[in-house]
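> got a predicted structure here, sequence first:
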Amino acid sequence: MTDYVVRAVAADTQVRAFACTARELVESARRAHNTSPVVTAALGRLLSAGAMMGCMLKGEKDILTLQIKGDGPMQGATVTADSRGNVKGYAVIPDVILPANQLGKLDVAGAVGRGSLSVIKDMGLKEPYVGQTLLQTGEIAEDLTYYFAASEQVPSSVGLGVLMEKDNTVRQAGGFIIQLMPFADTAVIDRLEQNLGRIASVTSMLDQGMSPEEMLGTVLEGLSPEITQRTPAAFTCSCSKKRIEKVLVSLGEKELCDMIEDGQEIEVNCQFCGKNYRFTVEELQALYHSVKQGRASS
């Protein structure tokens with residue numbers, strides 16, 4: 001497994017934890033959307049979080065969506081994931097260029113700006129679960145830490161990172177999510193805080209060659225971590241020409257007729273993976289006739 005998510009428990013199940021490596025996943029997103037370095041870092045963090053939070057879902061058909069809306073030049077980003085490690089996403093404005101921040105690093109907070117974070121869980125019920133909090137820093141990891149505490153009442157620590165090469169490809173990407181159960185005792189909390197205080201950054205651990213298991217071993221040192229699951233993770237989109245056809249059909253006869261009268265083939269772009277689908281006038285005519293036949297037989 002090149003990219004994968006590990007799930008673990010520690011301190012006699014007083015702690016649950018997730019960690020992932022996501023370099024190939026984030027690089028696939030960078031290539032698909034031709035993102036600038038700062039947008040790659042922002043979207044890569046959100047993709048890494050999505051991969052791990054997707055593995056928190058219980059049902060095979062459950063879908064998680066993370067959506068950031070901000071007043072920064074990137075304007076926002078959306079990521080969706082399932083429980084099997086499939087994740088996809090896009091940034092609203094993919095080519096933002098910003099100077100480095102005061103620490104000399106990619107200014108993710110500047111690209112995101114102020115705004116909101118929404119977490120949407122579609123678990124097959126009548127209505128999806130929607131949790132929303134205001135962005136605290138725009139750095140994404142801190143914003144998710146705040147979300148877990150404020151919206152789900154789960155004390156958590158989220159670490160996310162993306163490190164870029166000089167040629168603007170992805171060198172490292174990944175992260176961890178550590179969560180305390182309601183019955184966690186003070187000694188466990190104190191030890192966890194000490195461990196987290198000694199960590200320089202997620203990217204430094206990844207760049208040292210640490211695997212997700214080794215990252216959790218560092219974060220959960222002295223708390224007897226036990227790996228319970230490993231899930232491959234990949235940038236995967238479920239779009240297809242058949243699905244796009246259904247979208248076009250849903251537009252109705254008038255819209256299809258207008259497209260046909262233009263006499264030009266059309267190109268439909270998938271926001272999540274950047275793939276383009278072309279439809280000739282003849283294909284549009286076939287869709288138009290299928291709509292008419294469906295209406296006549298209903």
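Cool, the structure landed. Quick caveat, the model's predicted, so the values are computed rather than measured. Numbering: from 1, shown residues only.
> A41 contacts V108, doesn't it?
Yes: in terms of C-beta atoms under 8 Å, A41 counts as a neighbour of V108; the distance is 5.3 Å. Heads up, the C-betas are built off the backbone N, CA and C, glycines and all.
> got the contact list for the residue nearest the centre of the chain?
Centroid-nearest residue in the chain: L47, 2.8 Å away (criterion: C-alpha atoms, centre = their mean). With contact taken as C-beta atoms under 8 Å, 6 or more residues apart in numbering, L47 is in contact with 22, 25-26, 29, 79, 87, 89, 173, 235.
> same deal with M259?
266, 284.
> recalculate using a threshold of 10 Å.
M259 makes contact with 248, 251, 265-266, 279, 281, 284-285, 287-288, according to C-beta atoms under 10 Å, 6 or more residues apart in numbering.
> with S157 instead?
For S157, the contact set (C-beta under 10 Å, 6+ apart) comprises 17, 141-142, 144-145, 148, 176-180, 192-193, 195-196, 199, 219.
> repeat that for 6 Å
Contacts were defined as C-beta atoms under 6 Å, 6 or more residues apart in numbering; by that measure S157 touches 178, 196.
> am I right that it is in a strand?
Yes: under DSSP: H, G, I helix; E, B strand; the rest coil, S157 sits within a strand.
> quick one on the thing from earlier: between the contacts of L47, which sits nearest G209?
Closest approach between the contacts of L47 and G209, by C-beta to C-beta: A173, at 14.2 Å.
> and the helices in the protein?
Assigned helices in the chain, in chain order: 23-33, 37-54, 108-112, 141-151, 186-197, 202-207, 212-219, 241-250, 253-262, 281-297 (criterion: DSSP state H).
> hey, least reliable of the ones you listed by pLDDT?
Note on the helices of the chain: lowest mean pLDDT is at helix 281-297, with a mean of 78.
> what helices and strands are in contact with that helix?
Helix 281-297 makes packing contacts with helix 241-250, helix 253-262 when contacts are defined by 3 or more C-beta pairs under 6 Å, 6 or more residues apart in numbering; DSSP states H and E.
> tell me which of the helices of the chain is the most buried.
helix 37-54 (a mean of 29; mean count of other C-beta atoms under 10 Å).
> residues contacting Q172?
Listed by C-beta under 6 Å, 6+ apart, the contact set of Q172 reads 23, 163, 203, 206-207.
> the lengthiest strand in the chain: partners in the sheet, and parallel or antiparallel?
Identified as the longest strand of the chain according to DSSP state E is strand 170-180. In the sheet, strand 170-180 lines up against strand 15-21 (antiparallel), strand 156-164 (antiparallel) (DSSP bridges).
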